[in-house]
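Asker: Compute the structure for the input listed below.
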Amino acid sequence: MASVAIPFILAGLGGLLSEQTGVLNISLEGCIASGAFFTALLITLGVPAPLAVCGALASGALLGLLLSGIHMGLKANLFIAGMGVNILVPSLSGLISNGVLGHKGTIRITGDYNLSPFTWLMIPLTLLLTFIIHRSNFGISFRAAGVAPRFLSERGISPNRVKTSALSISSAMASLAGAFLAMRIEAYVPGMSSGRGWIALVLVWLGFRHPLGILFSAYFFSLIIIISNITLGNLPFTILKSLPYIAALTAFIIANARQHSATKY
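Answerer: Reported below is the predicted structural model:
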């Protein structure tokens, strides 16, 4: 179950970082796909796996900068800009794959990838992020950019620069989730992000905008996904495969209802 949860944890924590600054990273889905694609492509071209993962991180960071430039530089709607990035990544991946490898399909990779450190690092990473957000000057700047940008401006810190940094780090973390996916199944498959980026956004709210909440929520959704892959009696296959998305929608409605209830009282 841990290996299923890792992409949700990484993307969810990344989404939380950007949300803290007041800019929700709508492009998480595309960043996951980008991380998986560039990891598989670079490994296929003979690049060592650690450097390939670094390349995936760089691709995510660049997508974060692109989203920031479109939203804050060109004043475009954040949701539309994020959707644009999500649409751009598959098309750009296909174009690069066709130019380099001669096809737009699956990229298979082989190798002995030791992914166990990812599993053991999730809890320390979550605890570290909790400390950074709630106890460090870095976290204070992130939260101030979302709720009190004038506080930063008066201290000579650009709120937009903080938001750009948050989007870049957030997108890089989502790309790391994609790199993990590619190495786990030893392939890049078009569309392999399969809604994980959108579920990660739901986890931000289901986890009450707290790293530990996101960690537990990610394990919950990974359990739902495992159940959806099990044949249960005569239940139709399509219903089983839709369980994660039904759970995500239900969780989002519950979390939203709780938020409105807390605001009311």
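
Asker: all contacts plus neighbour counts: C-alpha atoms, from now on.
Answerer: Noted.

Asker: For stretch 155-171, buried residues please.
Answerer: In terms of neighbour count (16 or more other C-alpha atoms under 10 Å), stretch 155-171 has its buried residues at 158-160, 162-171.

Asker: How about stretch 102-120?
Answerer: Buried, per 16+ other C-alpha under 10 Å, within stretch 102-120: K104, I107, R108, I109, F118.

Asker: Closest to F37 out of these?
Answerer: The closest of the buried residues of stretch 102-120 to F37 turns out to be I107 (C-alpha to C-alpha; 8.2 Å).

Asker: Now for that closest one: which residues touch it?
Answerer: Residues near I107 by C-alpha atoms under 8 Å, 6 or more residues apart in numbering: A40, L41, T44, A187, Y188, V189.

Asker: From the buried residues of stretch 102-120, which land in strands?
Answerer: I107, R108 (DSSP state E).

Asker: still on that earlier bit, any chance of the contacts of I107 in CSV, with secondary structure, distance to I225 and neighbour count too?
Answerer: Shown next, in CSV, are those (DSSP: H, G, I helix; E, B strand; the rest coil; distance: C-alpha to C-alpha, whole Å; neighbours: other C-alpha atoms under 10 Å):
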residue, secondary structure, distance to I225, neighbour count
A40, helix, 24, 29
L41, helix, 27, 25
T44, helix, 29, 18
A187, strand, 20, 21
Y188, strand, 20, 27
V189, coil, 19, 18
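
Asker: Dump these to CSV, plus pLDDT and distance to L78.
Answerer: Formatted as CSV, the contacts of I107 follow (pLDDT from 0 to 100; distance: C-alpha to C-alpha, whole Å):
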residue, pLDDT, distance to L78
A40, 96, 29
L41, 97, 29
T44, 95, 35
A187, 95, 31
Y188, 96, 28
V189, 94, 28
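
Asker: Now compare the residues you listed and name the two farthest from each other.
Answerer: T44 and V189 (13.7 Å).

Asker: So what's the residue count around L13?
Answerer: 30 (other C-alpha atoms under 10 Å).

Asker: So it belongs to a helix, correct?
Answerer: Yes: under DSSP: H, G, I helix; E, B strand; the rest coil, L13 sits within a helix.

Asker: in the stretch 101-250 of the chain, what spans have low per-residue confidence?
Answerer: Flagging of the stretch 101-250 of the chain using pLDDT under 70 yields the residue ranges 228-250.

Asker: can you map out the helices along it?
Answerer: Taking DSSP state H, counting those that start in this stretch, the helices of the stretch 101-250 of the chain run over residues 116-135, 137-147, 149-153, 159-185, 196-206, 211-228, 237-241, 243-264.

Asker: Format these as JSON lines; extra columns: distance to G60.
Answerer: Output for these, formatted as JSON lines (distance: least, C-alpha to C-alpha, whole Å):
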{"stretch": "helix 116-135", "distance to G60": "18"}
{"stretch": "helix 137-147", "distance to G60": "19"}
{"stretch": "helix 149-153", "distance to G60": "25"}
{"stretch": "helix 159-185", "distance to G60": "4"}
{"stretch": "helix 196-206", "distance to G60": "13"}
{"stretch": "helix 211-228", "distance to G60": "21"}
{"stretch": "helix 237-241", "distance to G60": "28"}
{"stretch": "helix 243-264", "distance to G60": "24"}
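
Asker: Using JSON lines, lay out the contacts of I107 together with distance to G14.
Answerer: Output for the contacts of I107, formatted as JSON lines (distance: C-alpha to C-alpha, whole Å):
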{"residue": "A40", "distance to G14": "22"}
{"residue": "L41", "distance to G14": "23"}
{"residue": "T44", "distance to G14": "27"}
{"residue": "A187", "distance to G14": "24"}
{"residue": "Y188", "distance to G14": "22"}
{"residue": "V189", "distance to G14": "23"}
